[in-house]
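Q: Coordinates only, no sequence provided:
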């Protein structure tokens, strides 16, 4: 996925959860990503968060701690 | 099996509780009070002759052949209009009655020359049967009526045109304009059954009786040809006609059918039951089944008439392969196609990883077929990369209703509308997209219910004959959440909510939090009005009516879900229903009108990448164990890729192969250029479909599909009703779709041995709690059931949330309005929204290959006269429609149905491809595309866009099938 699209979608989720109490919002964003984002997308997400998290909504950055880390990329046979 | 003839009781069932006992021809009959003598007699097995009566319509009392004698009463009353009385003694046969009936019938025959003793028509009409039953043996009055064909010409089907023969000045020629039925006025006996069917059953009011005496006949609209009239071609009049005045062309051309099979329509989410009537192995006509619990004997133009695609010459009946998508197709055996696919899929997984392939299930296929595709992906591919077209339509319904009510299920059955007092219709156009249910809504509205319509367009339920919405809120596309929160503001601040209901059935804390949120002045009608572009006072009135007008039922469609806030809007609807206590009984509820015949079923069957059948997340260990034990493999606990993710991953190079059953993602999904790029990047695209659809231009393997007429299984409609689909004819391409998937699974090394779809349903029932009571035997016995169907509800659940919300307590959710980022500006000042039209269905693959093109041969762009004039656009002009994504051209239809600033089109034709211009914005929760809002500009144009020209060339290239030279 293009980085812009990933940031956009993460921020869209955060926008919905912003109207909730803060703690609930943080859990809400993380739960949503855990439930619906395939490991490849979560891997890209972590790479981007760790690479400076530019463009992400603060709620997404905060929620990242609760997002499940996908298992390392499966190495295809040769 | 022979032809199924349903009993016609002559008048509708009486629904009163009190029973009345009477005697008919010596038989004792007990029926509910209010029943007609005619119906009571039929229930006792005594058929009284009749012409103007049929049990789909209220009695009319015009034909005078159903007369009876009642002991102790004078005269010979009509049995259709006379109600039963306690202890009544009725005689239906006597010398006097026979004489009267013969006399009446003789007069009819004198004015109906071709229907009696002639070869015209079918010779098998109700009229012919009645003439025989009454024992008519002579016609002393002659047949030279002023409206008759000249006798000698009648056999040739001809006649004398008005003015050319003194005796036939009132003769009207046959109307053959409708593609599916003919109207021969000379055979009309003016019983008004067609007129009443059009009014009472269909609710269109297109037909009337014109003239007096010999001049009097039924005419369409202002005596126009049927095809040009207001007629919507639902066929209710043809079904009602007792003569052959209105008759299916197929019956006249090919003769009466010989056998029938009851099955379920494969078009929209209403899920009508039909009798498929067959002669040899050819379907002659589809007759709506009166016992069908969703349609009760009614149908629309698609279900009844538009089945011709099943035998269209475009159907591909042989599997095909090609190395590259630029090569011509090569016909191969099933064995070769399946072995090649299996080899390619395994190669790709070996090379790029387990997650590099996936599948798409179809909302047009059966539950059993869908179940098998997701099983193939999870068990055979070893990942969860399975998705379905519900992604692009009702995925927000699942998310929104589940969050608030604890289940994605629509809450009611269709019959529930009979007890509705106020309908709140938002983002749906049922008269076009769910016509048979729309007829039920219209009937209830004529009985006095009221309707609030929230829609950017002035749809037929806003204003059409005998329908006038109490309030129409023509909101700006994209402002659903704002209007719903605005309505909630009025309900909460004016204390119109149902506190007792909320305290009993919902989380009070959540309600208080939500109430505080919606009470904020920024959601007041005045503020909402500014955002939505509607009148503040109307918002107030509409909210009051919904909250306090009696049973309030919400009906909604894709105009709610296909937005970047689709899921939020669905929650907004559930909030309103819970706050007003409109949940958990007949006449109320939140009713998603689902688009495709089995979109409900495909979702139920685990078509989403994050959940197993029955909406259970793949990360839940206990659920995974059920399937791991049964399927004998370890299952992936991570969610898989959604359709847009698959395409993204394909462009990134990590997703290389896909099995697509019965879906045309290139035409139905947003941002066509991105879909095309994704497909083009894959190494093995397998399309399993009836036709070489748009997606197939990027395919390497084509597997021929089967139509609903060629398979057994089940479809689940919008009211969660599990309807049986019965095989009517043998699969034309060897395999029903479930068999083809099974063969593919076997080629991949899986040990699948289903011999009938009922065995697949048994597996579904054994593993899914909401389906645990479902078997094909039960469905055969009951006709259909609505899930949940299990120990707690052995015959299914018509209405959900009775005595408590499934979630435990209903959850109110804050619904903050966030404007879509797709905004109008100087370059793109208009908002485009899209929808459907009655005669066409979805991407049109089926309906474009039927006579339905008579009504909608191309997609048109609706534009308000004001916007048209600004741009110098006249009705019928070619216009260029451009957005930030791309541009296309189509012709303009200037109309005030759309508000200034809004343009509208349908997406039924690949030549226009409305989705070339739609954006890739999606619902925040479910990635459901924002089809309903695109900022566009339009300008006069003189022909197809460059994109369309290139596309046409590619179409021709990609559909070449190599001719195999005969071996010498």
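A: Yep, it's here. Not measured: the values here are computed from a predicted model.
Q: Just give the nearest non-adjacent residue to residue B:631, would you?
A: Nearest residue to residue B:631 in three dimensions, chain neighbours excluded: residue B:379, at 4.6 Å (C-beta to C-beta, 6 or more residues apart in numbering or on different chains). Bear in mind the C-beta positions are built from the backbone N, C-alpha and C, glycine included.
Q: Look at that neighbour and say how many residues are nearby.
A: 20 (other C-beta atoms under 10 Å in any protein chain shown).
Q: Could you measure from it over to residue B:601?
A: Using C-beta to C-beta, to the nearest Å, residue B:379 is found at 20 Å from residue B:601.
Q: Kindly report the same for residue B:532.
A: For residue B:532, the distance to residue B:601 equals 35 Å [C-beta to C-beta].
Q: between these two, which one's more packed in?
A: The neighbour count for residue B:532 versus residue B:601, taken as other C-beta under 10 Å, is higher for residue B:601 (34 against 24).
Q: doesn't residue B:630 make contact with the residue nearest to residue B:631?
A: No: between residue B:379 and residue B:630 there is no contact under C-beta atoms under 8 Å: 9.3 Å.
Q: one step back: verify the assumption that the residue nearest to residue B:631 is located in a helix.
A: Yes: the assignment for residue B:379 is a helix, going by DSSP: H, G, I helix; E, B strand; the rest coil.
Q: List the contacts of it.
A: Neighbouring residues of residue B:379 by C-beta atoms under 8 Å, 6 or more residues apart in numbering or on different chains: B:627, B:631, B:633, B:635, B:750.
Q: Can you go through these and name the buried ones?
A: B:627, B:631, B:635, B:750 (16 or more other C-beta atoms under 10 Å in any protein chain shown).
Q: Which member of the residues you listed is positioned nearest chain A?
A: Closest approach between the buried ones among the contacts of residue B:379 and chain A, by C-beta to the nearest C-beta: residue B:635, at 14.6 Å.
Q: secondary structure element for the closest residue to the closest one other than its chain neighbours?
A: Take residue B:635 and drop its neighbours on the chain: the residue closest to it by C-beta to C-beta, 6+ apart is residue B:624, 5.0 Å away. Assessed by DSSP states H and E, residue B:624 sits inside helix B:621-631.
Q: need the contact list for residue B:486.
A: B:523, B:524, B:525, B:527, B:528, B:529, B:532, B:539, B:543.
Q: Just name the shakiest helix or strand of chain B by mean pLDDT.
A: Ranked by mean pLDDT, DSSP states H and E, the helix or strand of chain B with the weakest confidence is helix B:151-154, at a mean of 47.
Q: Backbone torsions only: list them for residue B:100.
A: Torsion angles at residue B:100 (phi, psi; degrees, to the nearest 10) stand at phi -60, psi -50.
Q: Could you give the number of residues near the nearest residue to it once chain neighbours are set aside?
A: Leaving aside its chain neighbours, residue B:100 sits nearest to residue B:67 (5.9 Å; criterion: C-beta to C-beta, 6+ apart). Neighbour count of residue B:67, defined by other C-beta under 10 Å: 22.
Q: circling back to that earlier point, isn't the residue nearest to residue B:635 right up against residue B:638?
A: No: checked against C-beta under 8 Å, the pair residue B:624 and residue B:638 is beyond contact range at 11.2 Å.
Q: what touches both of these two?
A: What both residue B:624 and residue B:638 touch, as defined by C-beta under 8 Å, 6+ apart, is the set residue B:618.
Q: next structured bit after the strand or helix carrying residue B:892?
A: Following DSSP H and E, one finds residue B:892 within strand B:887-894. Moving toward the C-terminus from strand B:887-894, the next helix or strand (DSSP H and E) is strand B:902-906.
Q: Tell me the helices and strands packed up against that next one.
A: Judged by 3 or more C-beta pairs under 8 Å, 6 or more residues apart in numbering or on different chains; DSSP states H and E, the packing partners of strand B:902-906 are strand B:830-835, strand B:860-863.
Q: which one of those has the most crowded surroundings?
A: The highest mean neighbour count among the helices and strands packed on strand B:902-906, using mean count of other C-beta atoms under 10 Å in any protein chain shown, belongs to strand B:860-863: a mean of 25.
Q: strand partners of that one, parallel vs antiparallel please.
A: Sheet pairing of strand B:860-863 (DSSP bridges) gives strand B:887-894 (parallel), strand B:902-906 (antiparallel).
Q: closest one to residue A:66 among those strands?
A: Checking the strands paired with strand B:860-863 against residue A:66 by C-beta to C-beta gives strand B:902-906 as the closest, at 41.8 Å.
Q: so, in contact with chain B or not, the helix or strand containing residue A:16?
A: In the assignment (DSSP H and E), residue A:16 maps to helix A:3-17. Yes: Helix A:3-17 comes into contact with chain B (C-beta under 8 Å from any C-beta of the partner chain), by way of A:5, A:9, A:12, A:13, A:15, A:16.
Q: if I pick residue B:458, what's in contact with it?
A: Residues near residue B:458 by C-beta under 8 Å, 6+ apart: B:472, B:474, B:896, B:897, B:898.
Q: Let's see that with 6 Å instead.
A: The contact partners of residue B:458, taken as C-beta atoms under 6 Å, 6 or more residues apart in numbering or on different chains, are residue B:897.
Q: again, but for residue B:246
A: With C-beta under 6 Å, 6+ apart, residue B:246 has these contacts: B:181, B:183, B:237, B:238.
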